[in-house]
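*Asks:* After the sequence you'll find the predicted model.
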Amino acid sequence: QLCDMRCPAEVSQKFQKSALMLLNELFGSDVEWEEFETCGPPNKRTFRIILKVKVGGGEVRRFLGESGKKREAKQVASFTALKELSMEGEDEDLEESEEDTTRGASSQTASDGVGKPEKDDILSGRGGRPRRIAPRKARKTPLQQLNEMLPNTPFTLIDDVGPPTGRFTYAVTVRGQTFHGTGVSKKEASHRAAARVLESIYSIKFEDIPEEDLTDEQSAHHTHDGVETDDMLGNLKSELLEGMESTDVTGEMTSNSTTAVDHPSPVHQEVARQSLSKYTELTALIPLTAVGRNIFATIVMHRYDPQALANENAAVVLQGEVADAMTNGDSAKAEPMGDMEASTSASVRDSLPGSFEVVAIGTGTKVIDGNCLCTEGKHVHDCHGEVVARRAFVRYLYRQVELCVNVLTLGGDDSKDGATSLSEESIYEFRPGAGFVLKPGIDFYMYVSSSPCGDGRVFVAADNFSSRRQDNHPRRMSRGLLRYKVEIGEGTLPSGDDHIQTLDGILGGERLRTMSCSDKMLCWNVLGLQGTLLTHFIAPVFVKGIVVGNLYSQEHMKRALTTRSVGAELVGPYLASVENPPDLTHVPIQAIVERRDTARAAIHSFDWTSGDATLEVLQGATGVQVSEQPARICKRSFFERFTLLRDRLARVMPYAFPVLRTPADVTYRGLKEQALTHRAAKKALMCHLEKANGFWMKKPVEVSDFYL
């Protein structure tokens, strides 16, 4: 059908999709737009676009599109590519058919290769050129993919066995063929049926859909009496083991394929409860007009006994062995299954091992004004709650390292705020050759009262308000982009090519731009919360889970905070952080109604670190205290604490860390550049993100190039 068409408009009218959409469905990431060329007079521009398509065998084909509009030029190039590839496939199939006829193949086989390809054959690559248009791995669920290709396709439930076997069978008829899908739930059965349609007709393979126990013929005539006992036990075993794999001994839901948790565990719920309780306690004496519409974030420390955790883990392993024995018919080992399952489940799901403590809190919704930039590091540039909480947590880490150094220096205390003492116990311990190491049995969680600004919040509440609802348009151009906040404004904008900011340009009137909280949290999940300076002494500190209060979308949060970093060329702990991302879960705040709040955002920001007597109040537009004093979470404050810490360590162990042997007269920016491993990981992450997500908006270099 493509061979008979003369223009992209005919493709759109016939297939209800543009040539560009069909091209993207067929080749996906193998499509590349090389360059734009503009020619002609200003009043009659002509755009020429070169399309590169990687076909079978790694061959790259180029096609030219030319039009008075860039969008039309892309459509012309896409149409040319589709038509030429389908025509080449037709010629090749004709040659193969003639060869089959010469060798004595049946006339039916020969006639199949002569006819022009149908629409379904073009999409699947069978009627065209199989080596060129290869089946690709789907990026969506089978049901989503099928609904986009064939809207309103009816599914019929033909079998509903129900508990205890939980076998459901759906049937769907497409192009005169009937396909069946069977699963332990209706959702799984419909997904399997859709997957079979896509694989058979469109050659789209879903590798993560497991094979069914029953064939199509068996599924079509499947009844309760036809289910054998072995199948029933196998299903029960798989469900049991699946539940054990998805729940660890602390009650947290984990998965290899996704970091999103539909049902928060008791640990996640306790993190949310502790955060809200501490926030309410600290802001109780602050006037409501000062708090305003605000977003707050916390860092919660979870301390537990690693040995007790190992014992519970062993119990879960034993439970799995008993489940295997039950499946294999060993009644002697399977007898204690009931009691042990009940006790282990209670231990896993209901117990909260260890203690929880909120160690850092930050609130705020503002960024600094451009005319308040400081070249001495005394101002906080971003006063959004997530950023302020993370900076407050860095103060907490400095305090913990100073506590450990107190023990090494026999009680000497040269810390900046003089708050450390030997009576307090540090979360760090010093190990020769490894530096300051976090003690075992300590995890950190981050709680955010609302979804972070940026890519994690680019959805409409009316369309995607449910935390479990999937993104119906994952391939939109706006998905996954790096975004920035603008001074004297709310919300974010996608970053463009103009990502370099200059100090004189900002002072001359250019609006200051700051990266969104979603993008910053993505970096923290890869590079750690500790910042660059502390990596001279400690290993990266990662959060085990992120709990979001209101305005939560599971798919958007997962993409914004974890999956965008997949594929970055990282090593060591930074690569491990990408392969084992934090859990993402939703614990709504019951005291706050899920609605769009149009009240004026708070102009102040608050920060608090464990050990502080009171909150610190900052002006969001200036980044300093209300008294105009520098904030205790500003760059200069961290620089001072780092310098004191370095001097103390240089006196007692001058060869323990490379940074102790560097000259003392170095700038804040120079010290950060000396953290070679961390800087290399950050550079690799930035290069990966900027390939497809935009550019990282950098502050003028002058704001970090200062001395003490």
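*Replies:* Good, I have the coordinates.
*Asks:* In the stretch 301-450 of the chain, what residue spans correspond to helices?
*Replies:* For the stretch 301-450 of the chain, the helices defined by DSSP state H, counting those that start in this stretch occupy 306-328, 331-334, 337-349, 385-408.
*Asks:* Spell out the residue ranges of the helices in the stretch 551-700 of the chain.
*Replies:* Counting by DSSP H, counting those that start in this stretch, the stretch 551-700 of the chain has helices at residues 554-561, 572-579, 635-652, 668-673, 676-692.
*Asks:* Among the helices of the stretch 301-450 of the chain, which one carries the weakest average confidence?
*Replies:* Of all the helices of the stretch 301-450 of the chain, the minimum mean pLDDT falls on helix 337-349 (a mean of 40).
*Asks:* just to revisit the earlier point, which of the helices of the stretch 551-700 of the chain has the highest mean neighbour count?
*Replies:* Highest mean neighbour count among the helices of the stretch 551-700 of the chain (mean count of other C-beta atoms under 10 Å): helix 554-561, with a mean of 23. Heads up, the C-betas are built off the backbone N, CA and C, glycines and all.
*Asks:* Return the list of helices and strands in contact with that one.
*Replies:* strand 260-261, helix 517-527, strand 545-550, strand 583-586 (3 or more C-beta pairs under 8 Å, 6 or more residues apart in numbering; DSSP states H and E).
*Asks:* by how many degrees do the very next helix or strand once past the shortest one and helix 385-408 diverge?
*Replies:* Using DSSP states H and E, the helix or strand that directly follows strand 260-261 along the chain is helix 266-282. Helix 266-282 and helix 385-408 meet at an angle of 90 degrees, taking axes from the mean of the first three to the mean of the last three C-alpha atoms, to 10 degrees as the criterion.
*Asks:* Buried ones in helix 266-282, by neighbour count?
*Replies:* 266-272, 274-276, 278-279, 282 (16 or more other C-beta atoms under 10 Å).
*Asks:* Poorly predicted segments of the stretch 401-550 of the chain, please.
*Replies:* When residues are selected by pLDDT under 70, those of the stretch 401-550 of the chain lie in 410-424, 460-476.
*Asks:* circling back: mind checking the helices and strands packed on helix 554-561 for the one nearest to T563?
*Replies:* Proximity to T563 (C-beta to C-beta) singles out helix 517-527 among the helices and strands packed on helix 554-561, at 9.5 Å.
*Asks:* quick one: V547 from L584, how far?
*Replies:* From V547 over to L584 the distance is 8 Å, taken as C-beta to C-beta, to the nearest Å.
*Asks:* neighbour-wise, which of the two wins?
*Replies:* V547 (28 against 23; other C-beta atoms under 10 Å).
*Asks:* With adjacent residues omitted, what lies nearest to the more buried one?
*Replies:* Closest residue to V547 apart from its sequence neighbours, by C-beta to C-beta, 6 or more residues apart in numbering: Y447 at 4.7 Å.
*Asks:* So that neighbour versus E270, what's the distance?
*Replies:* 10 Å.
*Asks:* List the contacts of T622.
*Replies:* I368, D369, C372, H379 (C-beta atoms under 8 Å, 6 or more residues apart in numbering).
*Asks:* Max pairwise distance over these: which two?
*Replies:* D369 and H379 (9.9 Å).
*Asks:* neighbour count winner among these two?
*Replies:* Just comparing D369 and H379: by other C-beta under 10 Å the higher neighbour count belongs to H379, 23 against 18.
*Asks:* burial measure for the residue lying closest to that one once chain neighbours are set aside, as a count.
*Replies:* Spatially, and ignoring its direct neighbours in sequence, H379 is nearest to G623 (3.6 Å; C-beta to C-beta, 6+ apart). By the criterion of other C-beta under 10 Å, G623 has 25 neighbours.
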